[in-house]
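> Following is a predicted model, sequence given first.
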Amino acid sequence: DRYDGDGKNDMPGLNITIDHWEIMNEPEFKMFFNGSEDEFVEIFNGSSKIIKEKQKDAIIVMAGAAGMHKESKKFWNSAILRIKESFDIANIHHITGPGGECDKEMWVDEFSNLLKKNKINKPIWVTEAMTGKCNVISSYVSAFANGAEVIFDVGINAPGPKMPKKERRELEKFINEFDKFTSMRLISKNKAEFTFSDNSIKTIDF
């Protein structure tokens with residue numbers, strides 16, 4: 001209510017409204033949520049209902065899944081069916097371990113399969129992306145090819161293994177050239193084609 005910009009109970013001097021709301025974070029990890037699955041479902045569904053009542057055009061983002069590790073799959077195989085009517089965007093995280101261990105599609109392929117298995121057709125966002133030892137451009141392109149619509153890099157100040165400066169420059173160049181594409185497809189094992197709103201096409205070797 002404080003940030004919806006409807007002129008009622010707004011924050012004084014509000015200039016930028018908030019319309020996307022991520023409810024909770026990696027609830028399968030006790031370090032973030034020390035409750036049961038039932039309690040998570042109750043909090044998530046209840047929060048989504050209240051937000052939508054206060055802000056009709058609000059977009060609800062699923063609590064970020066902590067990858068597709070065994071524990072995460074077990075939790076979400078059950079929980080996602082119980083909250084699927086309460087979120088608009090499916091959400092996966094890819095945070096590497098201390099040694100930079102990574103999944104080359106940033107878990108998007110396995111997460112997409114989990115959604116399809118449960119007959120959930122929602123956009124996929126990677127709201128915490130860390131590529132670790134995996135090549136950054138290959139990881140981003142592979143994640144997009146497997147269904148990701150938006151990817152948020154964790155940034156240079158995030159804890160954990162740092163992205164090499166050379167790859168950081170490559171990522172920044174990739175973002176400048178391919179941001180806001182409307183569709184993409186793989187045209188070979190190491191080549192992708194991106195289409196933009198003006199029907200222009202760009203390709204990238206990765």
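Looks like it came in fine. Predicted model, so just to flag it, every value in this text is computed and none were measured.
> State which helix of the chain is the longest.
helix 37-54 (DSSP state H).
> N45 touches I83, doesn't it?
Yes: under the criterion of C-beta atoms under 8 Å, N45 makes contact with I83 at 6.0 Å. Where C-beta positions appear, they are placed from N, C-alpha and C, glycine not excepted.
> and the two? which has more neighbours close in?
Comparing N45 with I83 by neighbour count (other C-beta atoms under 10 Å), the higher total belongs to I83, at 21 against 16.
> next helix or strand past the longest helix of the chain?
strand 59-61 (DSSP states H and E).
> Averaged pLDDT, the helix or strand following that following strand. What do you get?
Moving toward the C-terminus from strand 59-61, the next helix or strand (DSSP H and E) is helix 70-83. Per-residue pLDDT values over helix 70-83 give a mean of 96.
> in helix 70-83, what's buried?
S72, K73, F75, W76, A79, I80, I83 (16 or more other C-beta atoms under 10 Å).
> ok, the fifth one - contacts?
This means A79. Neighbouring residues of A79 by C-beta atoms under 8 Å, 6 or more residues apart in numbering: P27, E28, E37, F40, V41.
> run the last query once more with 7 Å
Applying C-beta atoms under 7 Å, 6 or more residues apart in numbering to A79 gives the contacts E37, F40, V41.
> Quick check: closest non-adjacent residue to the last one.
Yep, that's V41 we're talking about. In this structure, V41 finds its nearest non-sequential neighbour in R82, 4.6 Å apart by C-beta to C-beta, 6 or more residues apart in numbering.
> tally of neighbours for G132?
20.
> which residues sit in contact with it?
Contact analysis of G132 by C-beta under 7 Å, 6+ apart lists T96, G100, E101, C102, P161.
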